Each structure stands twice: as structure tokens, then as C-alpha cells.
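> pasting a predicted model and its sequence here:
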There are 2 protein chains.
Amino acid sequence: MASRAKATILDIAREAGVSKSTVSLVLQGSGLIRPETAVKVRKAIEDVGYVYNRGAANLRKAHSNVIGMVINDLTNPFFAELAVGMERVFQAAGIVPFIANTAENPVRQEEVLKSLMEQGVAGLIVSPARGTTPGAFRRIEAAGVPVVFAMRRLPESRIPAIAPDNHRGAYLATQHLIGKGHRRLAFFGGSSDLVVYHDRLGGFLEACEALGISAADRTIVEGETSRRGGMACLETALAAPEPPTAALCFNDAVAFGAMLALRKRGLEAGADFAVVGFDDVAEAEHYMPALTSVAVDSAGLGERAAHVMLKMIQSRTTRAEDHIGAVSLAVRESCGPDRNARGAGMGDAA
Amino acid sequence: MASRAKATILDIAREAGVSKSTVSLVLQGSGLIRPETAVKVRKAIEDVGYVYNRGAANLRKAHSNVIGMVINDLTNPFFAELAVGMERVFQAAGIVPFIANTAENPVRQEEVLKSLMEQGVAGLIVSPARGTTPGAFRRIEAAGVPVVFAMRRLPESRIPAIAPDNHRGAYLATQHLIGKGHRRLAFFGGSSDLVVYHDRLGGFLEACEALGISAADRTIVEGETSRRGGMACLETALAAPEPPTAALCFNDAVAFGAMLALRKRGLEAGADFAVVGFDDVAEAEHYMPALTSVAVDSAGLGERAAHVMLKMIQSRTTRAEDHIGAVSLAVRESCGPDRNARGAGMGDAA
DNA sequence: TTGATTTATTGGAACGTTCCATTTATAGGC
DNA sequence: GCCTATAAATGGAACGTTCCAATAAATCAA
């Protein structure tokens, strides 16, 4: 049953009594071969247990149909959803994307990119790991392989990026907090080696500026972008002499951490301290209390990134426009009711 | 800057003034070439912007260094952790695993497997999609490519499986519930087209049998393995004339759903109804109330699966032993205190 | 010096496809 | 019947690597 050496089109040719060229034509679904011949060949293919060798084919064809997706943290459902969105599009185009995880490690990322390039990918969609050096994509660009950044981008790079409107999202969230009557605000989590961090922090600061929150009333606590990081941020912030009463968190994980730390202190998110997250992962809605968060539609961004990639491949270019995805604020319970007027209820829409 | 046609070892050879064979040797890190020559060649490689063509190489070498990982649901953090565990092992072995998602769709799975095979993978680690037909791996086995099932397995298949001890996990959880004084028990979620379902349900039933819960006092509600499914299960169960007071859920997602439905009815998990989950995802610990769940160590299982795969590749075999991973019960708040003795507190360990 | 041995390097065939240029078979027009 | 047009099938040269056998150069023993 187990075939010895693996079968090739020559084995098929022999089996079917035709030439290898004919087999090749059948494999490609060419209309040039007589239907009966095609049937005969297809039967032989089945009989010998043939597996198409794409590597050999690419040697001549020059463009493969594989696309690499490089994700910095697969365990974050946010990125997993991004991946799922992309897959939807590629599947329809008959492409199977290969996903690789870098675990936020630039060295690992280097290996992964190298491996994908050696495999001869037609394109690369990347959410770069933190600490990626500007030169990391130089060779790939030189090789003419199209690259798209998703969710994250690099400080100064010509590579097109598909990302949510981080600045506006942060602005909306901050405005919401101020609208609730908060006057001493914090920004929790993240660190300045991420472009996204600057975008989100920038939105926060601009809103503060525009809506009259003085620099003295802003607390900025950098930290890990995880639950643990969020807990630490809250502890740090509350230890200050004049602690903030509300925080915009770098992402939802940080927000969950902050809420956890609040609970540990016997405080309640919403009632005693307002928390807003970023990304609006599925869990946000089901959390207790439900988390107000900036919704970014990651699956939609994934689809968009995939479309851009397809277009780049089709038009054989390595350049494309950036795309900034719309965001909205999903208002839930973690900011409580209006702080001035008791019993306000339904506030800002998004 | 952008190279025209992509560089090959012949271009390197010309640039460095050596033969292609020498370049090939350098590429493979052979000790046969003079160090100075190697340096010269490596410089040329850099200069021409060379990208190794693994497809061409595999044409001769016959074994690639890529391993495919086929996951049925990437958005479930449980599977993402499995993937991460595998990656740890493969990374150390200098292998980059390519992950592909099937979204629980057998047709998609077929495509994905085909594509991976055409790419010439050295092995396949698969968590099969629900509804996978027994014949789906026939061709792959015939081609002599080693396959390992992870987390899930197929009804009658000779392919080795790495999975947690589902039966024992369910038994432990059920025992725990009965120990708390519950006498009318339910099993929520899942459906009988999954082998895992039979394993878990089997453990539940065996515990009931052994500990004196009669068939009349057991409620079994099949359902989607998601939050939504869990909500539906709870509604169905509570609608019965003599409703259960506790439930073992097929997985954590179902458990979260059940707890959500309880809350909607103004009931509280732990106090009014006991809930146990399965898988012990990260969220279980942080949920409100914290979810008691069967911990399966998915990352550990991923590592194990990867090791088995490496061994199979090394010894050129397609057979290996199954591996059943140890499980333990992570006791938290969702089952409340002991039902008979008030104020019991610390109960069963795992 | 000569031959044997070791060390570096090299040409060429092979791997499994595709695709172009041909060849062979079939049909049509007169 | 012959010539041309169309349809179907084919051989051979590429593609970029590896690896074997062979060569060339350097070292050593006598």
C-alpha cells in the first residue's frame, strides 16, 4: 500500500499510456486535451497515489500561490481574528495562507521570514514584532516580494500598512471619559517602542488638550500589554498623591488587568473607577462588568489587508496605499453612569 | 536596487569567481571549503541579494524541513496555545512550522492538507475538523508522510493521537460536583460526531454510575461548543420539571455561556447552580465567578505532539504510540461551597 | 624526483515540473 | 484524391539546487 518512491508525472504517463506533457496539461485543466484522455489520466493519477510537487513546478512557473502571514502573538484572540479575516479572502481566491507566529520575538521573526522567503511566497502580510529593526525587510523588498503590514507598522518604512484609526479611537474614548465628568485621567500600558503606542497616546493627549485636562491631571503609566501589566499600572497609578479616577488602557488585556486589580482592592470598575479598553475583543462584551472599548473590526482589517495583497500581486507592484480602518466606541458598563448627573443612562453613541 | 531576475547560486559563483558547487557547499556549511573562500562566497551572497530556493533544493534532497500544523479553530485560545507549545519544540529543532486554519470545515481542511502536501511537508500535526471523513488521510498515509492527531482523534484510525485524558477529567469533575452534594446533574454542550464528546460524556456517566446518580437524575443536552451553545443548554435544562442543580460543560466556552444565562435569570453560578468547565483556558481563572475547570495543559500537549513528530520523522516511520496527557481539576468558585456542610471551604485537591 | 595521500575545487547528471516548437491524427473543402 | 486547417499529443530544453565522481593543487614519504 505504501508507495516506495513517490510517484511523478512520468509514472502517471506510463500508467495512462500518454506522454508527460499530456499529464501536465491535464493537471492544469487545459482544454486542449480530449475529454476521454483526461479521464484516463485522472484515473492513473488516482491509481498511483500521485502528489503534485509544487516546488518543482515553481521552478518554471516563477509565481507560487502561497502567501505568508506573520503574526506577533497568536494567543491574542485579536490577532487570531485578523488571521481569520484574511483567510476568508484568500480562500475565495484559491490561496492557502501559511501562518507563522513570532511570539513577539524579532529574532524568531527573522527566522520565520527567511523560511517563508525560501519557500517562495508570493507575498507577506506581517504584524511586526516589537523591536523589529528598520532593516528587517530590506532584503525582502529588494527581492520584489510584496509586503503589507497589518495592525502595526514600522516608524519609517515605505511598506503599506493596514491599521485601525488608533488616534481617533483614543480620542473618542478619552472624550467619553471626560464627558462622564472625569478630570484626572490616566493612560495605562504599552511602551514607546511601538508606533501604535504613540498613535493611541497621541489621541489621548490631544483629547485632554482640547477638552481642558491639564498636563498635571494626566498620568501615563507604561507597562506590559497583558493582564499582569494592567494590574501593575493600576497599582502604580493609585499610589500617587492625587490618583486618577479613570483610565484609557492600551488594549483590552491591560483593561482586564486593571479591573482585576480594582476588584482585589475592593473597588468596582464603573462605580469607583472608569476603565476603557482598546480592540474590543469578544471577551469585552461578556466581562463583568462589561468593558467599554474601542472597536476596531480586526477581521475586517484582515480582509482589507488580504485584498490589498492580492491587488499588489496582480499588478506586480510592491507599493500600495496605507489604509486606516474606521473605529467606534462600544459603550458598556465599565465607565458607569454619568459622573455629574446621577441617573443619566444612555450616553454617547459611537 | 530591486534585482531583475532573482539571483541563483550561479550568479553568486560568477560574482565570487568560483564554481556553483563551491557555493552550494558554502551554503550547507560544509567544512570542506577553505575559510577564505567561504568568506568570499558569503560576501557575494550578500551582494547579489540571494534568496535560497528550497523548492529546487528539495527536488534533490527529498526531505524538507517544513512541518504543517492544521488547526480546526484558531480563535479558540485553547488551540492557539497548543500551537504555541509545538512551536517551542520545533524552533529548537530549527524547523519552522506552518499553521493553517480549517475553521471547523472539512472541505477547507481537504484543501489545506492538499496544499501542505504539495509543498512537500515532512510531517503533519492535525486537530481534525468536526465531520472529517475516515478516508481524509488515506492518501497522506499512502504517501508515507507522518501524521499526528492533537487534541482530537478520529473514530477508527491508525494515526497516533496526543490528547488529554478526557475520560478521567470528566470523571474527576463529576465526582467533585457529587462531592459538593449535588444529586441532579447535567452534561452541557458538544455533539456525538466528536470522539472527544464520547470520552468526556463517558467519564461523566461512569462517575454518575459509580457514585449513585441514577439515569433519571442525569440530563444530557447536546449543543454548540460556544458561549451561545452554553446559554441554550442552560435554558433547556432549567425548563425541565425537575431541573439539575449542577452541570459539567463540554468546554469552557460552553461553561461561560451557561454562567451568562444564569446571570440573565438573576441566578448566580456557585450559589444557585454549580458549573464546571473543561480545558481551563486562561480566562477561566479571571472570570467572575472564577470557573472551576479541568486543566489539560494544552501547551504541554503541543510540545509532546511535536516531539512525537520529530521522532517519527527521524526514524522514518508513520506509526507511533498514542499519548494520553494527565489532567487535573482546577477548583475555583463556580461550584460554590459544599452543599451539605455549610462553611466547608477548601475541598478536594486535584 | 616520483608516487601516494590529503585538501580544495569542479563539471555534469539528476530531481519533477512547464512550455515552446513540433509532430501526428482528424476533419473539411475542392 | 490532395492540400489546408484544426485538434490532440509529444519530445526536449529549461528552472535552481545537490551530490557523485573526477580533477587540480598542495603536502608528505621515500
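That came through fine. Computed from a predicted model, the values in this text were never measured in an experiment. Residues are numbered from 1 along each chain as shown, chains lettered A, B, ... in the order given.
> in the stretch 251-350 of chain A, which spans are helices?
Counting by DSSP state H, counting those that start in this stretch, the stretch 251-350 of chain A has helices at residues A:252-264, A:282-286, A:298-314.
> other SSEs contacting the second one?
This means helix A:282-286. Judged by 3 or more C-beta pairs under 8 Å, 6 or more residues apart in numbering or on different chains; DSSP states H and E, the packing partners of helix A:282-286 are helix A:252-264. In this view, the C-beta of every residue, glycine as well, is placed from N, C-alpha and C.
> and the helix it packs on with chain B, contact?
Yes - among the residues of helix A:252-264, A:256, A:260, A:263 lie within reach of chain B under C-beta under 8 Å from any C-beta of the partner chain.
> one step back: could you say which of the helices of the stretch 251-350 of chain A is packed most deeply?
Mean neighbour counts were compared across the helices of the stretch 251-350 of chain A using mean count of other C-beta atoms under 10 Å in any protein chain shown; the top stretch is helix A:252-264, at a mean of 25.
> now for it, which elements pack on it?
Counting contacts by 3+ C-beta pairs under 8 Å, 6+ apart, helix A:252-264 is packed against strand A:185-188, helix A:227-238, strand A:246-249, strand A:274-279, helix A:282-286.
> possible to save those as JSON lines with distance to residue B:214 and mean pLDDT?
Output for the helices and strands packed on helix A:252-264, formatted as JSON lines (distance: least, C-beta to C-beta, whole Å; pLDDT from 0 to 100):
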{"stretch": "strand A:185-188", "distance to residue B:214": "53", "mean pLDDT": "98"}
{"stretch": "helix A:227-238", "distance to residue B:214": "43", "mean pLDDT": "96"}
{"stretch": "strand A:246-249", "distance to residue B:214": "51", "mean pLDDT": "98"}
{"stretch": "strand A:274-279", "distance to residue B:214": "47", "mean pLDDT": "98"}
{"stretch": "helix A:282-286", "distance to residue B:214": "35", "mean pLDDT": "88"}
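> nearest to DNA strand D, out of these?
The closest of the helices and strands packed on helix A:252-264 to DNA strand D is strand A:274-279. By C-beta to the nearest atom of the strand, the value is 41.2 Å.
> about what we covered before: how about the helices and strands packed on helix A:252-264 in TSV, adding distance to DNA strand C?
Putting the helices and strands packed on helix A:252-264 into TSV (distance: least, C-beta to the nearest atom of the strand, whole Å) gives the following:
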stretch	distance to DNA strand C
strand A:185-188	54
helix A:227-238	50
strand A:246-249	52
strand A:274-279	43
helix A:282-286	42
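> reformat these as CSV; add distance to residue B:114.
Listed next are the helices and strands packed on helix A:252-264 as CSV, based on distance: least, C-beta to C-beta, whole Å:
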stretch, distance to residue B:114
strand A:185-188, 46
helix A:227-238, 40
strand A:246-249, 43
strand A:274-279, 34
helix A:282-286, 31
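> got the confidence number for whichever residue of the stretch 101-250 of chain A sits closest to DNA strand D?
Among the residues of the stretch 101-250 of chain A, residue A:118 lies closest to DNA strand D, at 8.7 Å counting by C-beta to the nearest atom of the strand. Here the pLDDT value assigned to residue A:118 is 95.
> which residue sits closest to it, ignoring its sequence neighbours?
Excluding its sequence neighbours, the residue lying closest to residue A:118 (C-beta to C-beta, 6 or more residues apart in numbering or on different chains) is residue B:54, at 4.2 Å.
> mind listing what that neighbour touches?
With contact set as C-beta atoms under 8 Å, 6 or more residues apart in numbering or on different chains, residue B:54 has these partners: A:55, A:118-120, B:64.
> what does residue A:255 give?
Residue A:255 sits in contact with A:188, A:230, A:249, A:275-278, A:284, A:291, A:293, A:334, where contact means C-beta under 8 Å, 6+ apart.
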